[in-house]
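Enquirer: dropping a prediction and its sequence here:
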Amino acid sequence: MGAMLTSSKEEHATNDPPVILFHCEEMGRKVLQTAGEIPYLYSPAVLPIEVPCLRYVSESNMLAALSLGAAGVGLLGCENCPNGERELLYQKYEFSQLILKHFDPGQERVGIMTALEGMEEKAVDAVNQFVSKLNKPSLAARWTTPSQTGNREILTDVIKDLIEQTSNEPGSVDISQELPFAYAEVNESGCTLCRSCANVCPTNAFKFEEENNSLHFKHINCVGCGLCEQLCPEKVITLKGELHLEKISLDYRKVAEDEMVACIQCKKPYINRRALEAVESKVLGVESLQSTFSGNRKNILRMCPDCRTVEAMMEVEKGWEP
């Protein structure tokens, strides 16, 4: 897209702002072919990009086109999509509109146009009308095509560019439950840093840093699958249907940390304090285990696994029967 937009500006020397038009290989292609055969031309500002189906166009594709200098993004396809994916397309479209509403208000820069067999001319009219209503891009085309192609990676770069160009951080935005985004609130005082959330997260929205014993969350990576919330043993994670349009949410931020506790024997750090307290609370609260952790074994849980094993074996030699 970047190459097409750059070429359009340099070679065509037109006053019409460039518009990226994603079109499907079915009716979308037929509409453009018909426009050339009649001839019933569409605007020279339109730069067509064919995709198998509009469902393959992501929200990051739409927003990236605008960040690369397009004045608008059109989506041209079948009135009755043979793949039955129109609802998914509208979700992506609505998300793009939501983002633009907070950074570029007052201008409809993304539009969906559909066509029926025999109504190709009407679809060309719709494309031209969409283009004619667009002003020149309000954003400078200084964003460069990323080396990564992941949807969220591109979206991160685009939102970061929008924030920088507009000097605007809208903050928390409410979104519909259908959109795959969520914000995780972590009750730090109850978090034992067990790593369950980091282990089950399919998008690496959570990560654990061993060097400073801390848990971090990257909001833009979260798809709201709910696994972290469901599998958290302490139930300290709450997912909210929110999108945070701010720089801090585009990268990892610390949501929980705790100090390490040293083994009372070898002095080697082996567990964080809240995890130790949680284990002691649960284990020592079991009446049948009271005798196990009495006498010389009272502080056995405050030993690292190696020292704990040695201590237990010494107790067995003294006659203790576990």
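Expert: Yes, it's here. No experiment lies behind these values; they were computed from the predicted model shown.

Enquirer: residue 312 contacts residue 301, correct?
Expert: No - in this structure residue 312 lies outside contact range of residue 301 using Cβ atoms under 8 Å: 11.2 Å. C-beta coordinates here come from the backbone N, C-alpha and C atoms, glycine included.

Enquirer: so residue 271, which state does it fall into?
Expert: strand (DSSP: H, G, I helix; E, B strand; the rest coil).

Enquirer: how about it, what does it touch?
Expert: Residues in contact with residue 271 (Cβ atoms under 8 Å, 6 or more residues apart in numbering) are 260-261, 279, 304.

Enquirer: what's the PyMOL syntax to select whichever of those residues are buried?
Expert: Restricted to buried positions by 16 or more other Cβ atoms under 10 Å, the PyMOL selection for the contacts of residue 271 reads:
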select buried, resi 261+304
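
Enquirer: same list (the contacts of residue 271) but as TSV, adding pLDDT.
Expert: Shown next, in TSV, are the contacts of residue 271 (pLDDT from 0 to 100):
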residue	pLDDT
260	96
261	96
279	92
304	95
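
Enquirer: list just the nearest of the contacts of residue 271 to residue 151.
Expert: residue 260 (37.5 Å; Cβ to Cβ).

Enquirer: just checking, that closest one touches residue 269?
Expert: Yes - using Cβ under 8 Å, residue 260 is in contact with residue 269, at 3.8 Å.

Enquirer: do a quick rundown of the strands in the stretch 101-250 of the chain.
Expert: For the stretch 101-250 of the chain, the strands defined by DSSP state E, counting those that start in this stretch cover 110-115, 171-174, 183-186, 206-209, 214-217, 237-240, 242-245.

Enquirer: ok, so of the contacts of residue 271, who is nearest residue 273?
Expert: Closest to residue 273, out of all of these and judged by Cβ to Cβ, is residue 261, at 5.3 Å.

Enquirer: what about that closest one, which helix or strand?
Expert: Per DSSP states H and E: residue 261 is located in strand 260-262.

Enquirer: for the residue nearest to residue 41 when sequence neighbours are not counted, report the pLDDT, please.
Expert: Closest residue to residue 41 apart from its sequence neighbours, by Cβ to Cβ, 6 or more residues apart in numbering: residue 35 at 6.1 Å. pLDDT recorded at residue 35 is 84.
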